[in-house]
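> structure, please.
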Amino acid sequence: MGINQLPKMRLYWSKDPMFRSELICKNIRRDRFDLLLKFIHFSDNEQNIGIPDRLAKIKEVLDRIQKNFRATFTPPQIVVIDATMVPWRGRLVFRQYQPAKTHKYGIKMYKLCTTDAYTFNFEIYCGKNEDITRHD
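All right, here's what the predicted structure looks like:
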């Protein structure tokens, strides 16, 4: 789905050969995919009550990604700090608008990268009233 992007999710299961993706159709039924997408959840809401961290619900996933980034590669002594936008058009309190960027709406991230562009660490900007949420 990331490689062959279609305007609507249901088109991947279309009968029209122009849209249909055989790889997806052979591996998962449309209704099952819709159900999984509807109920995907990463943390217990009861544990997140009163936590001011805007990324609390996905903190465990972000921590695991960070851990894998660090375990996979040891950066050289020269690293670069990069501010980037992850495209996002959905509703989100800390979504940014930057007219000069290719993707004007998105989630702002600060990344620690190698000169070859490998992301070793990152922080997500959650709005000017919030501190940058760290995932070390």
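
> check contacts around the residue nearest the centre of the chain.
Nearest to the geometric centre of the chain sits Val86, at 7.4 Å (C-alpha atoms, centre = their mean). Counting by C-beta atoms under 8 Å, 6 or more residues apart in numbering, Val86 touches 103, 106-107, 109. Just so you know, the C-beta spots here come from the backbone N, C-alpha and C atoms, and that holds for glycine as well.

> any weak-confidence spans in the chain?
Within the chain, the stretches with pLDDT under 70 are 128-136.

> domain-wise, how is it divided?
Recorded structural domains for the chain (assignment: automatic domain parsing) are 9-39, 51-124.

> doesn't the residue nearest to the centre of the chain belong to a strand?
Yes: according to DSSP: H, G, I helix; E, B strand; the rest coil, Val86 belongs to a strand.

> and the contacts of Val86, which is closest to Lys38?
Ile107 (22.2 Å; C-beta to C-beta).

> any chance of the domains of the chain in a markdown table, plus distance to Ile3?
Below are these laid out as a markdown table (distance: least, C-beta to C-beta, whole Å):
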| stretch | distance to Ile3 |
| --- | --- |
| domain 9-39 | 10 |
| domain 51-124 | 16 |
